[in-house]
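Q: how would this look folded up:
(4 chains)
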There are 2 protein chains.
Amino acid sequence: MLTEYDSIGKWISVIHRQFQTYINQELKEQDLNASQFIYLINLFQEDGINQETLTSKMYIDKSMTARSLKQLEKTGYIRREKSKTDGRAYEVFITKKAQAIRPEADRILTEWNKLLAENINDQEIISLIHVLKEMSDNVLTRQKDIPEASSKKKRKKAKIHEKKSKNRQKI
Amino acid sequence: MLTEYDSIGKWISVIHRQFQTYINQELKEQDLNASQFIYLINLFQEDGINQETLTSKMYIDKSMTARSLKQLEKTGYIRREKSKTDGRAYEVFITKKAQAIRPEADRILTEWNKLLAENINDQEIISLIHVLKEMSDNVLTRQKDIPEASSKKKRKKAKIHEKKSKNRQKI
DNA sequence: CGATATTAGTTGACATAGCAACTAATCTGT
DNA sequence: ACAGATTAGTTGCTATGTCAACTAATATCG
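A: Residues are numbered from 1 along each chain as shown, chains lettered A, B, ... in the order given. Okay, the predicted model is just below:
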């Protein structure tokens, strides 16, 4: 039961891949792909957000954000302004082009959710979302609890110039 | 509610990525990565399976199977035998090296499921699995119903005559 | 039988994603 | 103030995954 792959992870992975495929099919006439689409959806909800906030809202790697936004900027769906209060940060804004496809974007997501939820009652859906969120939280909590000897939690030892010892072997 | 990305797809994607990261962390001392690991798990359940069956059991693209098995063969976790009854097919067998890591593999999955399920009661887990399966099924059913294959299928050159009626029995 | 289609598997191209290393700007403690 | 740490963002490398085109073997059906 809980010891087998064939329980939760498998179906999560399957649905994740189905989602990618579905979105890409729906977008195949647009100059947009699935990951850029998801970034737009998040920007619709909070325009003017900076990349870091967007990244953590999506629980994704910041490099993905950098690359996706770069492409969205090139194709004219967003523009970026250097923050006036923080010279490192950009504020990200959607353009008219993005606004124009918003109804279609909403439609695509609505259809997807409708497809997923077919023959499943509302109570189960609500419970599902709740449980998924909680699971995700469990993982995040663990990641915080176990800093993993990573570079995140810098020890205060502050050895002078330890930089050279980075050639760790991965096997 | 159901019209927002922030409902199901988001958490599915987040947990999917967390799963990849978790497995890769657990495996970082092994000559195995997350996707190969999942193939092994499936092979433990059904040794001697052929690639096509394995592929559909995992709901993944067959090219991924080809590449992952190639690597697993190179690192000695599996071997392949040409099927005696079908000259196109391979039967895939796990080796002693794979058997040897099976307990560790089971442990990793058990821990993952335990982590996910922390503070979530068994009934919710059972319901979750059931609902996820059903959702995945909903998507698969749609894919069957909407073959849309005619546009995908490139005409082979010198296709002489069209079938009497479109033969759309593709998956 | 023989033409044609279908199937199992491989490969090339490209999209999606994480990690580590890097730059430049900002923050912190003394 | 200012050195060292941290943060925002970018980039290189690699893994994960899909789609389409391809080869070779097999199935179908006149």
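
Q: For B:Ser136, see how far away A:Phe44 is.
A: A:Phe44 is 27 Å from B:Ser136, where distance means CB to CB, to the nearest Å. For the C-beta atoms, the positions are set from N, CA and C on the backbone; glycine is no exception.

Q: May I have the lengthiest helix in chain A exported as CSV, CA atoms only?
A: As assigned by DSSP state H, the longest helix anywhere in chain A is helix A:122-145. Taking Å, rounded to 0.1, in the frame of the first residue of the first chain, the C-alpha atoms of helix A:122-145 are listed here in CSV:
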residue,chain,number,x,y,z
ASP,A,122,-17.1,18.5,-5.3
GLN,A,123,-16.4,17.2,-1.9
GLU,A,124,-13.8,14.9,-3.2
ILE,A,125,-12.2,17.7,-5.2
ILE,A,126,-12.1,20.0,-2.2
SER,A,127,-10.6,17.3,-0.1
LEU,A,128,-8.1,16.4,-2.8
ILE,A,129,-6.8,20.0,-3.0
HIS,A,130,-6.5,20.2,0.7
VAL,A,131,-4.6,16.9,1.0
LEU,A,132,-2.2,17.8,-1.9
LYS,A,133,-1.4,21.1,-0.3
GLU,A,134,-0.7,19.5,3.0
MET,A,135,1.6,16.9,1.4
SER,A,136,3.5,19.5,-0.4
ASP,A,137,3.8,21.4,2.9
ASN,A,138,5.2,18.2,4.6
VAL,A,139,7.9,18.1,2.0
LEU,A,140,8.8,21.8,2.3
THR,A,141,8.9,21.5,6.1
ARG,A,142,11.4,18.6,5.9
GLN,A,143,13.5,20.6,3.5
LYS,A,144,13.6,23.4,6.0
ASP,A,145,14.4,21.1,8.9
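
Q: and that helix, how far from the chain's centre?
A: Per CA atoms, centre = their mean, to the nearest Å, the displacement of helix A:122-145 from the mean C-alpha position of its chain is 16 Å.

Q: Not counting its own residues, what contacts it?
A: A:8, A:59, A:117, B:2, B:7-8, B:11-12, B:14-15, B:18, B:22, B:115-120, B:124-125, B:127-128, B:131-132 (CB atoms under 8 Å, 6 or more residues apart in numbering or on different chains).

Q: so how many other residues sit close to A:Gln20?
A: A count of nearby residues for A:Gln20, using other CB atoms under 10 Å in any protein chain shown, gives 16.

Q: before we move on, what SS does it have?
A: The three-state label for A:Gln20, taken from DSSP: H, G, I helix; E, B strand; the rest coil, comes out as helix.

Q: Apart from its chain neighbours, what residue comes closest to it?
A: With CB to CB, 6 or more residues apart in numbering or on different chains as the measure, A:Ala34 is the residue that lies nearest to A:Gln20, at 5.2 Å, once sequence neighbours are left out.

Q: do the same with A:Glu81
A: Excluding the flanking residues, the one nearest A:Glu81 by CB to CB, 6+ apart is A:Glu91, at 5.0 Å.

Q: And that neighbour, how close does it get to A:Thr65?
A: 13 Å.

Q: When these two are compared, which one has more neighbours?
A: When neighbours are counted by other CB under 10 Å, A:Glu91 and A:Thr65 differ, and A:Thr65 comes out ahead with 21 against 18.

Q: element containing the more buried one, please.
A: Using DSSP states H and E, the element containing A:Thr65 is helix A:62-74.

Q: Beyond that helix, next helix or strand please.
A: Note on helix A:62-74: by DSSP H and E, the next helix or strand toward the C-terminus is strand A:78-82.

Q: helices and strands around the next helix or strand after that next one, which ones?
A: The element immediately downstream of strand A:78-82 (helix or strand, assigned by DSSP H and E) is strand A:90-94. The criterion is 3 or more CB pairs under 8 Å, 6 or more residues apart in numbering or on different chains; DSSP states H and E, and the helices and strands that strand A:90-94 contacts are helix A:34-45, helix A:51-58, strand A:78-82.

Q: hey, which of those is tucked in deepest?
A: Mean neighbour count, computed with mean count of other CB atoms under 10 Å in any protein chain shown, is highest for helix A:34-45 among the helices and strands packed on strand A:90-94, reaching a mean of 19.

Q: now that one, how far from the centre of its chain.
A: Taking CA atoms, centre = their mean, one finds the center of helix A:34-45 at 9 Å from the center of the full chain.

Q: got the angle between that helix and strand A:78-82?
A: Put simply, helix A:34-45 runs at 60 degrees to strand A:78-82, going by axes from the mean of the first three to the mean of the last three CA atoms, to 10 degrees.

Q: show me what contacts A:Glu81?
A: With the criterion set at CB under 8 Å, 6+ apart, A:Glu81 makes contact with A:90-91, A:93.

Q: Check A:Arg102 too.
A: Applying CB under 8 Å, 6+ apart, we find A:Arg102 in contact with A:Phe44.

Q: what do you get for A:Glu52?
A: So, once contact is read as CB under 8 Å, 6+ apart, A:Glu52 ends up touching A:62, A:89.

Q: what do you get for A:Lys82?
A: Neighbouring residues of A:Lys82 by CB under 8 Å, 6+ apart: A:89-91.

Q: Which member of the residues you listed is positioned nearest chain B?
A: Closest to chain B out of those is A:Glu91 (21.4 Å), distances taken as CB to the nearest CB.

Q: Show the contacting residues for the closest one.
A: Per CB under 8 Å, 6+ apart, neighbours of A:Glu91: A:48-50, A:80-83.
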